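> Whatever this is, show me its structure:
(chains A and B)
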Amino acid sequence: MPDVRCPMCSKPNPSDAATCKSCGARLKPLVPGESPIGGALGRGGDFLLGEEGEPGHGEGGADWLERRRPAADEGGEAEHEALTGGADQSGDQPDWLGRLRPAGAEEDEGPPEGEVPDWLSSGEEGRAQAEAEPATEVPDWLARIRERHEAEAQAQANEPEPAPEEDWLGRLRAEELPPAKPELPPARPGRPPVESVPLAMPKEPVSRPVFREEVFKDDRLFPAPDIGLEPEEESTESPPLPWNPPGDRLTPSRGFGRKPSAGAEMAGDQGEGEKPARRGGLDSAAEPAWLAEAREQADDELPHVPALVGDEGSAPASGSAADVELAPIDLPDWLSELKGAPPQAKPEPEGMGDRLAPATLPSWLEAMRPMETFRPVVEIQPEEEQQVEAAGPLAGLRGVLLAEPVVAMPHPSTAAAARLDVTERQFALGDLLRRLVKEEERESPAAARGKRRLPLVRWAVAVVLILAVILPSFVGGPSFPVPALVPPGLPSLINLVNELPTERPVLLVFDYEPGYSGELEAVAGPLLEHLMLRGLRLATVSTRPSGPPLAERLIQQTGEMHQYTNGEDYLHLGYLPGGPAAVQLFAQDPHLAVAGGFLLPEGTTGATIWQSPVVRGVERLSDFGAVVVIAAGTEIARTWVEQASPMLGETPLVMVLSAGVEPLVRPYYEALDPQVDAILAGLPAAVAYEQANGQPGQARTLWDAFGSGMLVAELSLVLGAIYGLISWLLRPGGG
Amino acid sequence: MADLTGLDLAGSMIAALLTIMVLSYALGDNPLFRVAVHVFVGVAAGYAGAIAVRTVLWPRLVDPLLGEGGPAISSVLVVSWVLVLLLTLKAWPSTSAWGSLPVALLVGVGAALVVGGAVTGTLIPQSLAAMDTLNPGAVAPLTGETGLERVANVLILLIGTVTTLAYFQFTARRGPSGEATRSRLTTWVADVGRGFIALTFGVMYAGALAAAMAVLAERIQFLVGLFFSLLGG
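Alright, predicted model coming up:
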């Protein structure tokens, strides 16, 4: 014979095996009415059915119970007594179940004993087999139900009969609820205590059947109910059943674990005089009064806004259906309160049935709703214009809220909607900035062209200065004596020049603009004269394009008397392009820095300039006998000090400066480790140098004019200071 | 200036004319002054360009290519030409971005040299000079100052340096009224520093005035000498 594979573990089993030898699963489907051989259901149904009162006892479909009965007898008479409770007088059922029936419901309530209810059936196959049973095999319980219904039909002939329900539960709801209610079993330890709930159960305590372990051996069929009861222990409370009998299904508040609401009692206290009224296809007899009132109120005031629109053409789902579903259920307090406060709404006007009613929001929610921009976007359209969702779990539904306005379309950010917290200082600064910007934008009116005043004071000062400078040249006076005091540092400069080696050339740096030539030529003249007197060779260079011509001019003026010639006694190395970089390069490698020279003698080019007898033997900056920087500005003087002094070695650095530059270069000279070895600045020092040379030169020529002009300038400054002081004293509030 | 002939006379006349045009500024801003300024700026720029081409570009970029023994191409020459061409692209807005490379090179090298030289050549030596010894027996190497004179000079230099730096210290505490105020000591020190700064500016102004007066005297003597030369000529 072919083996039968287990539907659970797929292992082969003999064809005649009822359960899998590997996993114990049932190999044949369990069908109500059939006899599960040794099945757990048969044993499980034992405690429900009793020994002799089972339906179909002695009939062909209940032989499995016959086979099971000897086993039960072997279990001991005492156990059997405990199971049946000694109330097996009826011979059909255990006594505790027998007491349940007259108290709470008719004996035909609930599914028949010995048969598996629909929710326990293994599927359509089992149900099909059950329906295929011949009508002649109607069990007793069903016959009794039919008889009772026939009697009731005759008694209620005048009453409109609702549509017959196929479900036995629907018929149960039409019945009266029992006035007495049993108490719930005590709560399991660890759970909140549950008050006793009046149920549609008999008041007198019922003996609880004794469970045997094999009843729940196969927990795949009968999962052990979590009821917190121990086996072999009797209780006066209602027994926990593996499936709720019809009476319990009417009062499911036990499963909530909360105190039953008043609605539960109301449901149980339904009077007999109340006529059952169908609503929404369901019986309203079990509907509590409060729910009926709430529904009436809701019908008057509330339009229901369905969350989803059903199929096209179908009427909007009424909320009454859901209400009726909950009607016979004992609700907890919190749920009853929610149910008791239905939302306010107006009845739907005529012709608006297919349209969604406008949703109403509370004021506080309306105030905080940042959805102004969404209003025109998510406008609810009529149902016929709404699109049908094409994909996703909501496919096929109409009127689904679109996610695009929320996700894809731009909208103001809700994260940064907080108000800006600005302090007073920040506000003041912001206001200042605003005023500044506004002031810039303001077009200033054209200044009124007042009466033009002649600069008489400036003209007078100019005329006086020019006259003071001209008079000594024309008239020969006033004459100013040469400085009696030798400027500090001049003697050291004279000594330095006197000690310069004659075999090494002196580098002259002409770094000044032509505008300063009038002063610097007069100042540098005595030094250049001194160098020529000693017969030193001179090499000139400049970091300014105008430097080489100025060098040629000064040397020509001064050397004319000493018969200095270009290429023999002096040489112009030319222009050094690059500013500080050129100075640095020249200090490191003079041959690389010098490009072409200026006014080079015949036979000398840029490539052979260092072969000239003037600069022969010069490889580094320190090979020069001295470096004399003639500068009119502070920056160029500092550049030579900073870039060239580290390369000079023992070669002295002499600064010939304009009078205005000397104060900023003098610190380099007066330090303990001086970076400048000598300074010659200003016309007075030049005159003193000329006096020391014994040959008056250009400085002495300018001395009288310079003295006269300085005197006028000083007088002008004093007069101006006196005028300002008097004006300040005469000004109101000034003194 | 007695023997003015030919080109020297023309040059002296032009120089005298331009000098008068510049001195006309004493009457106020006028076209003569502006023309003289434009001439000076143009001549200076043209002369600088001519000098740059004659003494720098030609001998360094062209002469090596036109040498008698053939082009003497070196890496320095190639790099120089590339940089020159890139800098030339600055002339057109569409290609000016390419000219940023040599400009960046010039600016970077120049900045590095200036900063490095300022630190090693000015900042450190001058800071050490401000902390000169107060030993009366020490002698300044160049000026020969010694004794009390040198100590006084060192103290003046130290006080002047500290107070001047304190004047530029702008950190202050905020008072109860919200205004930032210096402490009394800091205010006093800063006032002394401000006095030193004013004194320094005064000396610099006097030097600038003396320089300007020397230039004015030289120009006036030039004009007077030219005038007498023309009269005597």
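
> Any part of stretch B:59-66 near chain A?
Yes. Judged by Cβ under 8 Å from any Cβ of the partner chain, stretch B:59-66 and chain A are in contact via B:59-60, B:63. Where C-beta positions appear, they are placed from N, C-alpha and C, glycine not excepted.

> if we take these, which one ends up nearest to chain A?
Proximity of the residues of stretch B:59-66 next to chain A to chain A (Cβ to the nearest Cβ) peaks at B:Pro59, which lies at 4.2 Å.

> hang on, the closest one packs against A:Leu600?
No. Using Cβ atoms under 8 Å, B:Pro59 is not in contact with A:Leu600; the gap is 11.0 Å.

> Need the overlap of contacts for these two.
A:Gly606 (Cβ atoms under 8 Å, 6 or more residues apart in numbering or on different chains).

> who wins for most neighbours among the residues of stretch B:59-66 next to chain A?
Within the residues of stretch B:59-66 next to chain A, B:Pro59 tops the neighbour count with 19 neighbours, counted by other Cβ atoms under 10 Å in any protein chain shown.

> So it: helix, strand or coil?
helix (DSSP: H, G, I helix; E, B strand; the rest coil).

> what's the helix or strand for the closest residue in space to it that isn't next to it in sequence?
Spatial nearest neighbour of B:Pro59, excluding adjacent residues (Cβ to Cβ, 6 or more residues apart in numbering or on different chains): A:Gly596 at 4.2 Å. Using DSSP states H and E, A:Gly596 sits within no helix or strand.

> In contact with A:Gly596, which residues?
By Cβ under 8 Å, 6+ apart, the neighbours of A:Gly596 are A:574, A:605-606, A:609, B:54-56, B:58-59.

> And chain A, is the lengthiest helix in chain B touching that?
Using DSSP state H, we find that the single longest helix of chain B is helix B:184-232. Yes. Using Cβ under 8 Å from any Cβ, helix B:184-232 reaches chain A at B:200, B:203-211, B:213-221, B:224-225.

> what's the answer for stretch B:68-79, then?
No. Against chain A, stretch B:68-79 shows no contacts by Cβ under 8 Å from any Cβ, the least distance being 9.7 Å.

> what about that stretch, how long is it end to end?
Across stretch B:68-79, the terminal residues are separated by 22 Å (Cα to Cα, to the nearest Å).

> Contacts made by it with the rest, please.
B:61, B:64-65.

> Compare those residues and tell me which is most surrounded.
In these, the most neighbours by other Cβ under 10 Å go to B:Pro64, 17 neighbours.

> Tell me the one among the residues of stretch B:59-66 next to chain A nearest to A:His530.
Using Cβ to Cβ, B:Pro59 is the member of those that sits closest to A:His530, with 33.8 Å.

> contacting residues for that closest one?
A:595-596, A:606.

> and A:Val509, that's in a strand?
Yes. Under three-state DSSP, A:Val509 falls within a strand.

> quick one: buried residues of stretch A:727-735?
Neighbour-count burial for stretch A:727-735 flags no residue at all (criterion: 16 or more other Cβ atoms under 10 Å in any protein chain shown).

> which residue sits closest to B:Thr181 in space, ignoring its chain neighbours?
B:Gly175 (5.2 Å).

> I figured the one you found was touching B:Ser183, is that so?
No. Between B:Gly175 and B:Ser183 there is no contact under Cβ under 8 Å: 10.7 Å.

> quick one, what contacts the residue of the stretch 601-735 of chain A found nearest chain B?
Nearest residue of the stretch 601-735 of chain A to chain B, counting by Cβ to the nearest Cβ: A:Glu642, 3.0 Å away. Listed by Cβ under 8 Å, 6+ apart, the contact set of A:Glu642 reads B:117-118, B:120-122.

> Of those residues, keep whichever come out buried.
B:117, B:121-122.

> do you know how far the spatially most central residue of chain B is from A:Gly633?
Centroid-nearest residue in chain B: B:Ala208, 13.1 Å away (criterion: Cα atoms, centre = their mean). Using Cβ to Cβ, to the nearest Å, B:Ala208 is found at 11 Å from A:Gly633.

> ditto for A:Ala681
13 Å.

> between these two, who's got more neighbours?
In this view A:Ala681 and A:Gly633 are compared by other Cβ under 10 Å, and A:Ala681 has more residues nearby, 27 against 17.

> Would you enumerate the residues in contact with the residue lying farthest from the centre of chain B?
What lies farthest from the middle of chain B is B:Pro176; by Cα atoms, centre = their mean that is 46.6 Å. Taking Cβ under 8 Å, 6+ apart, we find B:Pro176 in contact with no residue.

> Burial check on A:Gly603, number of neighbours?
The burial count for A:Gly603: 9, using other Cβ under 10 Å.

> Quick check on it: phi, psi?
Taking degrees, to the nearest 10, you get phi 90, psi 0 for the backbone angles of A:Gly603.

> before we move on, what SS does A:Leu536 have?
Per three-state DSSP, A:Leu536 ends up coil.

> Dihedrals phi and psi, it?
Dihedral angles (degrees, to the nearest 10) for A:Leu536: phi -80, psi 140.

> So what sits opposite the closest residue to it other than its chain neighbours in the bridge?
What sits nearest to A:Leu536 in space, not counting adjacent residues and going by Cβ to Cβ, 6+ apart, is A:Val506, at 5.0 Å. Beta-bridge partners recorded for A:Val506 (DSSP bridges): A:Leu538, A:Ala626.

> Roughly how far does A:Val506 sit from B:Gly178?
64 Å.

> Put together a markdown table for the contacts of A:Glu642, with secondary structure on each row.
Below are the contacts of A:Glu642 laid out as a markdown table (three-state DSSP):
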| residue | secondary structure |
| --- | --- |
| B:Gly117 | helix |
| B:Ala118 | helix |
| B:Thr120 | helix |
| B:Gly121 | helix |
| B:Thr122 | helix |
